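Q: Just the structure for this:
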Amino acid sequence: MSLENENITRIVLDEKEYILIGTAHVSKQSAELVKEVIEAEQPDSVCVELDQPRYQSIMEGNKWKDTDIFKVIKEKKASLLLMNLAISSFQKRMAKQLDIQPGQEMIQGIESAKEVGAKLVLADRNIQVTFSRIWHQVGFWGKMQLLSQVIASIFSKESITEEELEKMKSQDMINSVLNEFTETFPRLKKPLIDERDQYLAQKIKKAPGKKVVAVLGAAHVPGIKEEIKKEHDLKKLIELPPKSKVPQIIGWSIPILIVAIIAFTFFSDPSAGLHQTLSWILWTGSLSAIATAVAFGHPLAILTSFVAAPMTTLNPVLASGWFAGIVQAYFSRPNVGDFERLTEDVFSVKGFWNNKVTRVLLVVVLSNIGSSVGTFIAGADVIRLFFKHI
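A: Presented below is the predicted three-dimensional model:
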């Protein structure tokens, strides 16, 4: 039996047939189409646009219980986890509005693959790799803008009809949040869309059997149609970008310059040097502490931000948010209930700020942002006082 539909693309290549189903990630029609196609085609393999962590998240409802929040902070993954949760919030809010299960078409693909005895292939690149490669493409202010863009999606109260949602099929769950940002930073299209098209195409092409059904966000279908004709190196596509020495050089140059300026000023005018030192402490410490307070941080986490920021801003390998986050997690440690409620709490701003898990992440991220802004303001004031007294 063969089905024809505008959202189905058929490709015959090297005596194999590939059936690409373009879906919206929160759509009842898409899930129904997936079920219908797999039952009709009886494929040897079913590829789904998931990586191992997202597959486990779907299959294991209690996955969050095993998260070690201290490990997240120590491994510097707080920002990535917060972005993941914000994107999840955006998707789940749309799904809740339409009274469907988020990612239902992927779940349907998994279930239907089992029903027809097809091999299930997790075809997408690990989302952490994608975010790492995106992170590598933007500078400091780009990172701040990216975080603000994603976090702002939490505040969105936009309602859409399912018909309008079907028109959004040109975006997948990540693109739907970052679309505006990629317009501002066009080079992000490569790690966000192009590289994933290549990765997905290669995984689909290598799926076992003569007939393969692939369940995909429709944004990827046009690219995969072209990329599947080529060979791609999967190892190269999952390589983490090499760390540039430029940020490291700049990161050390600024604090060395600031310390040198203050030391020179102290030598020539001790009172001016003291003024510079106080300016540095107050600007970096205060803005970091204020940002931590905005995250509803524990009083001792706020104090930690204030004390740590003036020192961590002079050491690029440290960050005030790490210390504040550890203190926050210690005195307001997330319990099993917080992790269990996480998937519901990310629906709203109130939930994001009230849940102890996301509050720790917010403390880390906002404290770091506050200290970074304080560094620029305090640095400018230190230089101003230097020229005033030379």
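Q: residue ranges with poor pLDDT in the stretch 151-300 of the chain?
A: Residue ranges of the stretch 151-300 of the chain with pLDDT under 70: 151-187, 243-244, 246-247.
Q: mind listing the helices for it?
A: Counting by DSSP state H, counting those that start in this stretch, the segments of the stretch 151-300 of the chain that form helices are 162-167, 175-184, 189, 195-205, 221-227, 234-237, 245-268, 270-294, 299-312.
Q: between these, which gets nearest to Val37?
A: helix 221-227 (13.7 Å; C-beta to C-beta). (Glycine included, C-beta is placed from N, CA and C.)
Q: elements contacting the closest one?
A: The contact analysis (3 or more C-beta pairs under 8 Å, 6 or more residues apart in numbering; DSSP states H and E) places helix 221-227 against strand 8-13, strand 16-23, helix 195-205.
Q: Distance to Met106 and mean neighbour count for these - can I get that in CSV?
A: CSV is the format used below for the helices and strands packed on helix 221-227 (distance: least, C-beta to C-beta, whole Å; neighbours: other C-beta atoms under 10 Å):
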stretch, distance to Met106, mean neighbour count
strand 8-13, 17, 14
strand 16-23, 8, 22
helix 195-205, 13, 24
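Q: how many other residues sit next to His389?
A: Applying other C-beta atoms under 10 Å, we find 15 residues neighbouring His389.
Q: Contacts only, for the residue lying closest to it once chain neighbours are set aside.
A: In this structure, His389 finds its nearest non-sequential neighbour in Ala272, 4.3 Å apart by C-beta to C-beta, 6 or more residues apart in numbering. Shown in contact with Ala272 (C-beta atoms under 8 Å, 6 or more residues apart in numbering): 265-266, 385, 388-389.
Q: Could you do Asn7 as well?
A: Going by C-beta under 8 Å, 6+ apart, Asn7 touches 21-23, 30, 33, 169, 218.
Q: and Phe331, how many residues sit next to it?
A: Neighbours of Phe331 (other C-beta under 10 Å): 12.
Q: Would you mind measuring from it to Ile302?
A: Note on Phe331: its distance to Ile302, by C-beta to C-beta, to the nearest Å, is 11 Å.
Q: picking up where we left off before, just the buried ones from the contacts of Ala272, in ChimeraX syntax?
A: Filtering the contacts of Ala272 down to the buried ones (16 or more other C-beta atoms under 10 Å) takes a single ChimeraX command:
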select :265,385
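Q: From the contacts of Ala272, pick the one nearest Gly351.
A: Distances from Gly351 to the contacts of Ala272, taken by C-beta to C-beta, are shortest for Leu385, at 44.6 Å.
Q: What helix or strand is the closest one located in?
A: Leu385 belongs to helix 356-389 when elements are defined using DSSP states H and E.
Q: If you count neighbours, what's buried in that helix?
A: So for helix 356-389, counting by 16+ other C-beta under 10 Å, buried means 356-375, 377-379, 381-382, 385-386.
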